[in-house]
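A.B. asks: give me the fold of what follows.
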Amino acid sequence: MKRVVITGLGAITPLGNSVDEFWKGIKEGKCGIDYITKFDTTNFKVKLAAEVKGYNPEDYFDRREAKRLDKFSQYAMIASREAWKDSGLDKEKENMERVGIVIGSGIGGIETIETENRKCVEKGPDRVSPMYIPMGILNMATGNVAIDIGAKGESYAMVTACASGTHCIGESYRMIKHGYQDVVIAGGTEAGITPLGIAGFTNIKALTKSEDKTRASIPFDKERSGFVMGEGAGVVVLEELEHAIKRGAKIYAEIVGYGATSDAYHITSPAPGGEGGARAMKLAMEEANVKPEEITYINAHGTSTHLNDSCETEAIKTALGEEVAKNVMVSSTKGHTGHLLGAAGGVEAIVCTKAIQDGFVPATINYKVPDEECDLDIVPNEGRSAEIKYAMSNSLGFGGHNSSILLKKY
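C.D. replies: Next comes the predicted model:
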């Protein structure tokens, strides 16, 4: 079995359009949530979201190319370019047939789908763009990144709702571990802050209607009332250890475990007690041969919905044991970024990587009212300096999809 390390990071987020900007915002406890600017929310019950700020596609793409790419593909390409550059990999020196891409999304090109549907209904079918399908379909973030970078290995998109990004990283880890690829660019991307996206999540009662950006995304707080939609992309470059050493790569962290399970319970609600999430965490620890007491930090899925946060608390207690769970730092960074859906796992894997590198545990910001159902050490409001040997990232998705990855200090 091969060992797998992280050698590159790339992100575009509500806190900043690069990894450095994003991580600086996390460390400073900044909140990327504000009033929606992408469309008129007059008739909408939800007014807040976590948008990417100051984004102009023509800063990254020429005008013609930008018009042929939905934003979820644009975000994936921007994050992947940064991660590839950060890794120091050179496609002139690599066997690009051994470089794979696995980038997922929860809802893909929903902006394109909305726009072209409106044209079809209002102006007739002949007015629908011939680019509608290649812009809207979910695999095209992966496809466009492969074309952009020249990666000719295995490439596909995993779709497990809000668990997509973590599943993509976990499955990429397995691809390298079992010798199928030398390098995989993996993560998630999302651009779902659209009228239909907001309306759909509002009407399923998933989003908060709070208009106070400091009390909207409040994971583990007793007054939590739903999540805040976020957007962006988080991508990591995974590499076989000897391959990385041979070329003198800098190594951020090692991935040592991955667990994936299904609740087989309900289309939107987690299983009672978070038993599916607990099994995913246990599987990740078993693969890594790591004891619960060795884990310093868990980046929780922590969406700020009532059921997720209470069930995930129970899941952590089940996976680690009640006594051990009390001593593990568990925070959710969705107070900073909102919930990036399919991109959440990619962005939060970067959080865990940087946390290990810098010896810093991010806070759960905007926390005020303790909840007896969420009684772990959630690192309220102020981040902490701490040496982190092992960090875990959890993602849980509609449909009962659960995924956990375990990172180790290299």
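A.B. asks: quick one, longest helix in this protein?
C.D. replies: Ranked by number of residues, the top helix in the chain under DSSP state H is helix 71-87.
A.B. asks: how about that helix, which residues are buried there?
C.D. replies: Across helix 71-87, burial judged by 16 or more other C-beta atoms under 10 Å covers 71-84, 86-87. C-beta coordinates here come from the backbone N, C-alpha and C atoms, glycine included.
A.B. asks: partners of the helix or strand just after it in the sheet?
C.D. replies: Next along the chain after helix 71-87, taking DSSP states H and E as the criterion, comes strand 99-104. Strand 99-104 sits in its sheet next to strand 155-156 (parallel), strand 183-190 (parallel), going by DSSP bridges.
A.B. asks: and the helices in the stretch 201-350 of the chain?
C.D. replies: 241-246, 275-288, 306-320, 322-325, 334-337, 344-358 (DSSP state H, counting those that start in this stretch).
A.B. asks: and the fourth one, what does it pack onto?
C.D. replies: Using 3 or more C-beta pairs under 8 Å, 6 or more residues apart in numbering; DSSP states H and E as the contact criterion, the elements in contact with helix 322-325 are helix 306-320.
A.B. asks: secondary structure element for Ile147?
C.D. replies: Assigned by DSSP H and E, Ile147 belongs to helix 140-149.
A.B. asks: give me the contact list for that helix.
C.D. replies: Here helix 140-149 makes contact (C-beta atoms under 8 Å, 6 or more residues apart in numbering) with 69-70, 72-73, 75-77, 80-81, 84, 91, 99, 101-103, 105, 108-109, 134, 151-152, 155-157, 185, 189, 233.
A.B. asks: again, only using 6 Å
C.D. replies: Helix 140-149 is contacted by residues 72-73, 76-77, 80, 84, 101, 103, 105, 134, 155, 157, 189 when judged by C-beta atoms under 6 Å, 6 or more residues apart in numbering.
A.B. asks: and which of those is nearest to Tyr390?
C.D. replies: The closest of these to Tyr390 turns out to be Ile103 (C-beta to C-beta; 25.6 Å).
A.B. asks: can you count the residues close to that closest one?
C.D. replies: 41 (other C-beta atoms under 10 Å).
A.B. asks: give me every residue that touches it.
C.D. replies: Ala76, Ala141, Thr142, Gly187, Thr189.
A.B. asks: now it: how far from Gly187?
C.D. replies: Using C-beta to C-beta, to the nearest Å, Ile103 is found at 6 Å from Gly187.
A.B. asks: cool, Glu387 as well?
C.D. replies: From Glu387 across to Gly187, the span is 26 Å (C-beta to C-beta).
A.B. asks: more neighbours: which of the two?
C.D. replies: Shown here are Glu387 and Gly187; by other C-beta under 10 Å, Gly187 has more neighbours (37 against 8).
A.B. asks: pLDDT value on the closest residue to that one other than its chain neighbours, please?
C.D. replies: Nearest residue to Gly187, sequence neighbours excluded (C-beta to C-beta, 6 or more residues apart in numbering): Gly346, at 3.0 Å. Looking at Gly346, its pLDDT stands at 98.
A.B. asks: and Gly346, what does it touch?
C.D. replies: Gly165, Gly187, Gly188, Gly234, Val235.
A.B. asks: okay, and the beta partners of the third one?
C.D. replies: Just to be clear, that refers to Gly188. Note on Gly188: beta-bridge partners Gly104, Gly234, judged by DSSP bridges.
A.B. asks: for it, list the residues it contacts.
C.D. replies: Gly188 touches Gly104, Ser164, Gly165, Gly342, Ala343, Gly345, Gly346, counting by C-beta under 6 Å, 6+ apart.
A.B. asks: what's the closest of the residues you listed to Tyr265?
C.D. replies: Of all those, Ser164 has the smallest distance to Tyr265: 19.1 Å, by C-beta to C-beta.
A.B. asks: wait, doesn't the closest one sit right on Gly104?
C.D. replies: Yes - using C-beta atoms under 6 Å as the test, Ser164 is close enough to Gly104 to be in contact (3.3 Å).
A.B. asks: anything in contact with each of these two?
C.D. replies: Taking C-beta under 6 Å, 6+ apart as the contact rule, Ser164 and Gly104 both touch Met158, Gly188, Gly342.
A.B. asks: one step back: highest mean neighbour count out of the strands paired with strand 99-104?
C.D. replies: Of all those, strand 183-190 carries the top mean neighbour count, a mean of 35, counting by mean count of other C-beta atoms under 10 Å.
A.B. asks: residue nearest the middle of the protein, spatially speaking?
C.D. replies: For the chain, the residue nearest the mean C-alpha position is Ala344 (2.0 Å; C-alpha atoms, centre = their mean).
A.B. asks: strand partners (parallel or antiparallel) of the strand or helix carrying Leu396?
C.D. replies: Here Leu396, judged by DSSP H and E, is contained in strand 390-397. Strand 390-397 pairs in its sheet with strand 297-299 (parallel), strand 401-408 (antiparallel), by DSSP bridges.
A.B. asks: touching it from outside, list them.
C.D. replies: Residues from elsewhere that reach strand 390-397 (C-beta under 6 Å, 6+ apart): 160-163, 166, 277, 290, 294-295, 297-301, 345, 348-349, 352, 355-356, 402-408.
A.B. asks: ok, of these, which come out buried?
C.D. replies: Buried members of these, counted by 16+ other C-beta under 10 Å: 160-163, 166, 277, 290, 295, 297-301, 345, 348-349, 352, 355-356, 402-408.
A.B. asks: give me every residue that touches the closest residue to Gln181 other than its chain neighbours.
C.D. replies: Leaving out its chain neighbours, the residue that sits closest to Gln181 by C-beta to C-beta, 6+ apart is Gly100, at 4.4 Å. By C-beta under 6 Å, 6+ apart, Gly100 lies in contact with Gly153, Glu154, Ser155, Gln181, Val184.
A.B. asks: show me which pair in those residues is furthest apart.
C.D. replies: Spatially, the most separated pair among these is Ser155 and Gln181, at 10.0 Å (C-beta to C-beta).
A.B. asks: which ones are touching Ala66?
C.D. replies: Contacts for Ala66 (C-beta under 6 Å, 6+ apart) come out as Pro57.
A.B. asks: one more: the one 4 residues further on?
C.D. replies: Taking C-beta under 6 Å, 6+ apart, we find Asp70 in contact with Gly109, Glu111, Thr112, Met135.
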